[in-house]
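> Dropping the sequence and predicted coords here.
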Amino acid sequence: MNTALDLLERVRAEGCEITARGDRIHLRADKPLPDILLDALKAHKPEVLGVLATGASHKPAPELDGWTTADWKEFFAERAGIFQFDGGMGRREAEQAAFRLCVLRWLRVHPVEGDTDSCAWCHGSEDSEGGVDLLGLNPLPVWAHPGCSQLLMATRLNEAADALAAMGVDEMDQG
Ligand SMILES: [Zn+2]
């Protein structure tokens, strides 16, 4: 259980955009957040800023990599069609496979930025635990502690799924 991640998820579920501005948490929302969330953000500010600082939770504009929402949808629909009609998969299975490709592509075009001296998640230096590189999913040479890498990847996969869903690309898509 990671409090900061849970919190970010709940804040975003309220339709609020949360970013780090230096050492401050910046919120943008149409309606105020419930007090209980605001209090929790205050109480866990260092952890929340830590998560935001990884860049892992930054949701870039869909156009950032040159692909529009329409491009992503087309990529998804095309791959799902290929898996279904050429691969003989069921529709649902084909969409899940196409969605995984979209996630992999999203991870590649939204890399975790970091330096080779510190863990991409906690920014700590290499310790007796050693470090693992990010499974080839990241085009930049970053690494994380073994424990941190799990948190980082879980966050990244959620980020990818959220970003794709925001563009109308998800594995339950019936289009
Ligand atoms: Zn770490």
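Sure thing, it's come through.
> Check which helices and strands the helix or strand of the chain with the lowest mean pLDDT sits against.
Least confident element among the helices and strands of the chain, by mean pLDDT, DSSP states H and E: strand 132-133 (a mean of 74). Here strand 132-133 touches strand 143-144, going by 3 or more CB pairs under 8 Å, 6 or more residues apart in numbering; DSSP states H and E. C-beta coordinates here come from the backbone N, C-alpha and C atoms, glycine included.
> can you list the domains in this protein?
1-53, 60-175 (automatic domain parsing).
> Would you mind telling me which of the ones you listed is nearest the ion?
domain 60-175 (3.1 Å; CB to the ion).
> Check whether that closest one comes near the ion.
Yes. Using CB under 5 Å from the ion, we find that domain 60-175 touches the ion at Cys119, Trp121, Cys122, Gly124, His145, Cys148.
> Going by mean pLDDT, which of the domains of the chain comes out lowest?
Of all the domains of the chain, mean pLDDT reaches its minimum on domain 1-53 (a mean of 80).
> what about it and the ion, touching?
No. For domain 1-53, no contact with the ion is found by CB under 5 Å from the ion; the gap never falls below 10.1 Å.
> Are we agreed that Ile82 is in a helix?
Yes. Counting by DSSP: H, G, I helix; E, B strand; the rest coil, Ile82 falls inside a helix.
> what's around it, how many residues?
For Ile82, the count of nearby residues is 14 (other CB atoms under 10 Å).
> Most tightly packed of the domains of the chain?
domain 60-175 (a mean of 16; mean count of other CB atoms under 10 Å).
> How far away from the center of its chain is that one?
7 Å (CA atoms, centre = their mean, to the nearest Å).
> Distance check, Pro111 against Asp170.
According to CB to CB, to the nearest Å, Pro111 stands 22 Å off from Asp170.
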